[in-house]
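> Below is the sequence, then the predicted model.
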Amino acid sequence: MAITDEELIKRVCAGETKQFAVLVERYQNKAFTLALRFLKNHEDAEEATQDAFVRAYRALKNFQGTAAFGTWLYRIVYNVSMTKLSSRKDVMQSLDQTSDDDDEPHRELAIEPSAVDTSYEHDETKAVVRAAIQKLPEHYRLILTLFYLEELRYEEICEMTKLPMGTVKTQLYRARVMLQKILSRQLSREEVTL
């Protein structure tokens, strides 16, 4: 039976420092993927992931267990990635702090490929959607990435970004609307050229 994160943390804090390698192994792929989505550079993402694990190790004794270890670690990855973005002069636009209670978005994106027959068409559709997501302002791209691609819950996103629930829901709703507009414009342009 696998040892729980909590048990591993207790062991590491009790002096079995090699047990931290098990936590790294469990979370390194998802942490790297998260950093890569923010930084869009393989080397920067690797560096940010390593830095996040070093910070997590140093702060492990302060881990209170109020959130899952993964959520806590992803918050560190998020912070490291945002710091790296700022140092690269890719400063994020100011976050929209409105607390509108728009309709709660659904997990399914409104734009779905219709009757995708082949793997090639499906891959092509995914590439178009990913390219459209890259055109969104950073703060909307971040929320979409966390919700749809990383499949984090609202509460986890709030904890990670330190944004109120209403703001997270509003930004996610607005991001979906913007994404739909981008994809609609792109589809109409493609139809004109055909």
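Nice, I can see it.

> what helices or strands is the strand or helix carrying residue 176 leaning on?
Element membership for residue 176, per DSSP states H and E: helix 165-193. Applying 3 or more C-beta pairs under 8 Å, 6 or more residues apart in numbering; DSSP states H and E, one finds that helix 165-193 contacts helix 119-134, helix 138-144, helix 154-161. Heads up, the C-betas are built off the backbone N, CA and C, glycines and all.

> deepest of these, which one?
Ranked by mean neighbour count, these are led by helix 138-144 with a mean of 21 (mean count of other C-beta atoms under 10 Å).

> Just the mean pLDDT for it, thanks.
Throughout helix 138-144, pLDDT has a mean value of 85.

> tilt between the helix holding residue 176 and helix 154-161?
Interaxial angle of helix 165-193 relative to helix 154-161 (axes from the mean of the first three to the mean of the last three C-alpha atoms, to 10 degrees): 100 degrees.

> Pull out the buried residues from helix 165-193.
167-176, 178-179, 182-183 (16 or more other C-beta atoms under 10 Å).

> Contact partners for residue 64?
Residue 64 makes no contacts at all, as judged by C-beta atoms under 8 Å, 6 or more residues apart in numbering.

> should've said residue 52
31, 35, 73, 76, 77, 79, 80.

> Can you select the buried ones from those in ChimeraX?
Typed into ChimeraX, the next command selects the buried ones out of the contacts of residue 52 (criterion: 16+ other C-beta under 10 Å):
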select :31,35,73,76,77,79,80
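
> Run through the protein and note the low-pLDDT ranges.
Under the criterion pLDDT under 70, the flagged ranges of the chain are 88-126, 189-194.
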